[in-house]
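A.B. asks: below: sequence and its predicted model.
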Amino acid sequence: MIPKLLIKWLINSLAVFAAGYLVHGIHIADFWSGVIAAALLGIVNAFIRPVLIIFTLPLSILTLGLFTLVINALMLKLVAWAVAGFAVEGFWAAFWGALVISLVSWFISILFDAEFHFFKGRP
């Protein structure tokens, strides 16, 4: 259980650093700020995001799920507010940053999953 959690944290950290590199308006002061932001983003996505998704379900249905991107941006802004050394300038930086984090996390997770399945079948 713990190693899987650490792998997810590492993936999330890489995604946060990728967003900081790719998106103009996201600034990461140092390594630890990025790692702490990734950890807090995981906690926020686990506990606060589901509540917001339930409360905004009619709006999400109306927009065919696209409002979820707005919720992700708001979660990133919340983390930037809470973590010193991690800054997100404006809504659009948060929007694109959340999109980059989601895509990079998804892609790296697929690579890790494929690697684990590859090695699982070998003695």
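C.D. replies: Thanks, I have it.
A.B. asks: the residue nearest to the spatial centre of the chain sits in which helix or strand?
C.D. replies: Nearest residue to the geometric centre of the chain (Cα atoms, centre = their mean): Ile101, 4.6 Å. Per DSSP states H and E: Ile101 is located in helix 90-120.
A.B. asks: flag every buried residue along that helix.
C.D. replies: For helix 90-120, the neighbour count (16 or more other Cβ atoms under 10 Å) marks 93-102, 104-105, 108 as buried. Bear in mind the C-beta positions are built from the backbone N, C-alpha and C, glycine included.
A.B. asks: how about JSON lines for those, with pLDDT and distance to Val16 added?
C.D. replies: Output for the buried residues of helix 90-120, formatted as JSON lines (pLDDT from 0 to 100; distance: Cβ to Cβ, whole Å):
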{"residue": "Ala93", "pLDDT": "98", "distance to Val16": "13"}
{"residue": "Ala94", "pLDDT": "98", "distance to Val16": "12"}
{"residue": "Phe95", "pLDDT": "98", "distance to Val16": "15"}
{"residue": "Trp96", "pLDDT": "98", "distance to Val16": "13"}
{"residue": "Gly97", "pLDDT": "98", "distance to Val16": "8"}
{"residue": "Ala98", "pLDDT": "97", "distance to Val16": "10"}
{"residue": "Leu99", "pLDDT": "97", "distance to Val16": "13"}
{"residue": "Val100", "pLDDT": "98", "distance to Val16": "9"}
{"residue": "Ile101", "pLDDT": "97", "distance to Val16": "6"}
{"residue": "Ser102", "pLDDT": "96", "distance to Val16": "11"}
{"residue": "Val104", "pLDDT": "96", "distance to Val16": "9"}
{"residue": "Ser105", "pLDDT": "95", "distance to Val16": "9"}
{"residue": "Ile108", "pLDDT": "92", "distance to Val16": "12"}
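A.B. asks: that older thread, how far does the helix holding Ile101 sit from its chain's centre?
C.D. replies: Offset of helix 90-120 from its chain centre (Cα atoms, centre = their mean, to the nearest Å): 8 Å.
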